[in-house]
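**Student:** Give me a 3D structure for the following:
(chains A, B and C)
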Amino acid sequence: MSSLAVTNVSVAFGGVHALSDVSLAVDAGQIVGVIGPNGAGKTTLLNVICGVSRPDRGDVTLHGTIITGWKPSRIAGLGLGRTFQTSQLFPGMTVLENLMTGLHLRGHTGLIAAAFRTPSMKREEAEMRERALAALDFVGMRAFAGRSGTALSFGQQRVVEIARTLIGEPKILLLDEPAVGLSVPRVAELDTLLRRIRDERGVTLVMIEHVIRLVMGVSDRVIVMNSGRKIAEGRPDDIRRNPDVIEAYLGRQGDARRPAP
Amino acid sequence: MLVLSYLLVTGITTGALYALVALGIVVVYKATEVVNLAHGELFMMGGFLAYTLHVMVKLPYVPSVLLAVAGSFAIGILTDRVAFRPLMKEGLVSVLLATIGISFILKGVARVLWGGKGDYLAFPPLVSPEPMRIGNVMIMSQQLVVLLAALAVMLVFAAFFKTTRAGKFMQATASNPKAAALVGIHVSRVYMYTFGVGAAVAGASAVLMAPLTLLYPDIGFPLFIKGFAAAVLGGLTSVPGAIIGGLLVGILEQLAAGFIGTAIQDVSAFIVIMFALIFLPTGILGMRGTRKI
Amino acid sequence: MRAVVSHRALLVVLFAVLAVLPVVANQYTLFVGNLLMLYMILALGLNLLVGFAGQLAFANAAMYGIGAYGAALLQVRLGLSYWLAAPCGAVLAMAIGTLLAFPALRLSGIYLALATLAFAQFTQWVLLHWNSVTFGAGGFPVPQPEFSALGMSPDRGIYYVSWVVTVVLLAFAWRVVRSRVGRAFVAMRDREMAAQALGVGLLRYKAMAFALSGFYAGTAGALYPAVLAYVSPEGFDLFQMVLHKAMIVVGGMGSIAGSVIGASLLVYLLEVLRQFKATQEIVFGALLLAFVLFQPRGLVDFLKRSVPGWSEPLHYASDSESAFDVAVADELVTGSRGGADR
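**Tutor:** Residues are numbered from 1 along each chain as shown, chains lettered A, B, ... in the order given. As a prediction, this is how the structure comes out:
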């Protein structure tokens, strides 16, 4: 059984078919890259998987449970994490607090426990702090724990955001263009980080990405989309030689030729 | 039958004025995605300016009206300068709070200048208060004048957007600010004039309404709520929607007052807003854009 | 550790002064002190909803009124004792406040603001016109609870009740915002989508924020008839709405200490300007405007920067995503910002 399966999903926005009959399956422990020109439906696909958009047809299955139409927060509870294209750190919090918010689902403190500062609440809070610091260690950002998220550089924000999602121990992590706006050395670091997340944490990764070099280097499998359809799927080497893919990219040069750092 | 026709005529007349208030709200919202919470106070200032010029300074009616509308326009521009332009990058909460601040400043200023709480100023009637009879319908000549004038304001408004450069710029900016900027339209200046035009329409409606009602510093907010109800009914971004919404609110209010009780009149707009926002998310013409979720 | 406590020290000193006030102050000062505590509760509740959870709602004055009328009418109409009526009033306001969370799920920004504003005006209208229950525009007198068993006058007795309630609610708010719940509020305010992706359920936390703020406003309302011995619709009108908003903006949105500071400062001004309604409007409107423009993070931000020991973790919203990003970007294209209006 695959960890994540999308079966015959279609989505239309006001007559425009953002996704047409897309199916895919992701096996545990893999890194799957999703590429395709702008408007190919990649972000829509991601939004459908994590519950932000509801598909017109088709289903999404997570660990054997059909999650179509669930609220995003409920899907998150089932072990699906995601990051966003633009920085989504909470600017009103420190980096540490951001990380601790990533542990939201692991906590139980409600209003009453917070009001009385019950021993279990204090224990939970201390434990969250420890784990948040450990997660910052994992990405090498511990020194920034007390800073405001907005004080970080673009690349640092991205890394903290990944750590914030990772800390909730998702089984599957969806990444929406993690390399966008990163400098060349930063992309190399990201490459290493993604491998470590897979190997050390055993997390399955699904990544939308424009930086072809990163996708081809790190992915176990690559899915290519164009105009709302899946046009190819396979190992990076096969994808490189696939005539449909070459066609799709040559048809719209902009994205494939985007300067890959 | 006579009662019903009377209620309808009154409803259409006040509805036309609500439509003008709604127009101002819609124009500003379309361009800036902000509702100016001081819009009602701009209306109130327009009315008091006209009163000052016409009754106190004893200027003739037409120049008083024109000057009052110009004054409202200026206050609208001031609102843009003070509350919108410096804050638009800060977000909606800041802009809304700033416009509330302005609304209270204006209200306080009006109270200082034109009398304290409970001082109601009467604007002299424009024409003889004798009712006229057209067929089976009784109509106050005053109402007829107001209705025609409101129609005239709407026409002037439409002509402004269709024919003038500034109007076209505003339309272009409202539909796509990015494209407008790229073709060289000075977006922030357009926003400024948009606030001005919205306020001028509010001022014009205040001048028209003044002879029908009394002027007092707290008149603005209820009018704003009614205008907003009309705008929301029309989808908040549609000019024809705002006009239809205004007429609907006006008629509904009169019918509620006539058949249920006058107390209901004041509250019908709130009920319309709550109902429209919950059950008619796209407005009666289905023209509201996708709402941020 | 000494330096760390200064924001707490301020609150401790403030409440110590309030505690001894009845011993030294005259009747009028006592009344103002009591009013101040009511406004602190109101500002705290509103700040939880607007400043922390980011829900721009305008129904705070209405919840205040519902709490006050609930507590007062249960006594006058049904003959309940104050000690039973007051909690009922607070809970009623909380229940109605919670209901507002449902439109808040579908509406956001301007729509939520105006729907709640309409609701507040609707409440005001009910208080004014439902004569057979609410006594209409003139209001009605309410007997003050007795404290003769404790050898205290009603004014002094209710003052101490308010003091205890305020301290409890202040501590409660303080603890809530520093907990998992508080982080969920701020997350929801700053980035709603990301909050959801981390498992923060919007319905749950919006409902919680509205319920909390309704409960705070309702509690302040429930104390109101006991403090003033009179209830009328005027006490819960638009001006109150602006007053509460100004308190949290002046003090600092997303700050507990800020709520207390803002309330203190504005109640002082309110008393100075008591005679002049127009001046009140101008001054509070101008304060609100000036702080939004020039010190949007309120006085606490200033304190945080200038008082070394001020260590309250501030959760003010900074440069949150706004609908105007596009517009700002476009102005950069035309070069009209910065070099604007030569």
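**Student:** for chain B, which spans come out with low pLDDT?
**Tutor:** In the predicted model of chain B, residues B:1, B:116-119, B:126-130, B:135-138, B:281-293 satisfy pLDDT under 70.
**Student:** Show me what from it comes close to chain A.
**Tutor:** For chain B, no residue is in contact with chain A (CB under 8 Å from any CB of the partner chain). To be clear about C-beta, it is placed using only N, CA and C from the backbone, and glycine gets the same treatment.
**Student:** residue boundaries of the strands in chain B?
**Tutor:** Ranges of strands within chain B are B:121-122, B:131-134, B:137-140, B:214-215, based on DSSP state E.
**Student:** Next, format these as CSV and append distance to chain C and mean neighbour count.
**Tutor:** Shown next, in CSV, are those (distance: least, CB to the nearest CB, whole Å; neighbours: other CB atoms under 10 Å in any protein chain shown):
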stretch, distance to chain C, mean neighbour count
strand B:121-122, 15, 14
strand B:131-134, 30, 11
strand B:137-140, 27, 17
strand B:214-215, 16, 18
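**Student:** Point out the one among the ones you listed that comes closest to residue A:79.
**Tutor:** strand B:214-215 (64.1 Å; CB to CB).
**Student:** How about residues contacting the closest one?
**Tutor:** By CB atoms under 8 Å, 6 or more residues apart in numbering or on different chains, the residues outside strand B:214-215 that reach it are B:44, B:47, B:48, B:51, B:114, B:120, B:121, B:122, B:123.
**Student:** one more time with 7 Å, if that's ok
**Tutor:** Strand B:214-215 is touched from outside by B:47, B:48, B:51, B:120, B:121, B:122, B:123, with contacts defined as CB atoms under 7 Å, 6 or more residues apart in numbering or on different chains.
**Student:** still on that earlier bit, I'd like the strands of chain B written out as TSV, with distance to residue A:30 added.
**Tutor:** TSV is the format used below for these (distance: least, CB to CB, whole Å):
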stretch	distance to residue A:30
strand B:121-122	77
strand B:131-134	80
strand B:137-140	78
strand B:214-215	73
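**Student:** and of the ones you listed, who's closest to residue C:68?
**Tutor:** Minimum separation from residue C:68 across the strands of chain B (CB to CB) falls at strand B:214-215, 30.6 Å.
**Student:** Paired strands for the closest one, with orientation please.
**Tutor:** Here strand B:214-215 has these sheet partners by DSSP bridges: strand B:121-122 (antiparallel).
**Student:** gap between the partner strand and the chain center?
**Tutor:** Offset of strand B:121-122 from its chain centre (CA atoms, centre = their mean, to the nearest Å): 20 Å.
**Student:** what's the neighbour count on residue B:194?
**Tutor:** Number of residues near residue B:194 (other CB atoms under 10 Å in any protein chain shown) recorded here: 26.
**Student:** oh, I was asking about residue A:137
**Tutor:** By other CB under 10 Å, 12 other residues sit near residue A:137.
**Student:** Next, work out how far apart it and residue A:143 are.
**Tutor:** Applying CB to CB, to the nearest Å, the value for residue A:137 to residue A:143 is 10 Å.
**Student:** Kindly report the same for residue B:30.
**Tutor:** Distance, residue B:30 to residue A:143, by CB to CB: 48 Å.
**Student:** SS state for residue C:275?
**Tutor:** At residue C:275, secondary structure determined by DSSP: H, G, I helix; E, B strand; the rest coil is coil.
**Student:** what's the lengthiest helix in chain B packed up against?
**Tutor:** The longest helix of chain B (DSSP state H) is helix B:2-32. If you count contacts as 3 or more CB pairs under 7 Å, 6 or more residues apart in numbering or on different chains; DSSP states H and E, helix B:2-32 packs onto helix B:39-51, strand B:137-140, helix B:141-163, helix B:165-175, helix B:187-209, helix B:220-233, helix B:239-259.
**Student:** Residue B:86 reaches residue C:292, doesn't it?
**Tutor:** No: assessed by CB atoms under 7 Å, residue B:86 is found out of contact with residue C:292, at 9.2 Å.
**Student:** the more surrounded of those two?
**Tutor:** Set side by side, residue B:86 and residue C:292 show more neighbours around residue C:292, with 28 against 16, by other CB under 10 Å.
**Student:** and the more buried one, what is it in contact with?
**Tutor:** Residues in contact with residue C:292, defined by CB under 7 Å, 6+ apart, are B:87, B:94, B:97, B:98, B:101, C:249.
**Student:** neighbours around the last one, how many?
**Tutor:** Neighbour count of residue C:249, defined by other CB under 10 Å: 31.
**Student:** the strands in the stretch 101-250 of chain A, which residues?
**Tutor:** Using DSSP state E, counting those that start in this stretch, the strands of the stretch 101-250 of chain A run over A:172-176, A:204-208, A:221-226, A:229-234.
**Student:** No further queries at this time; thank you.
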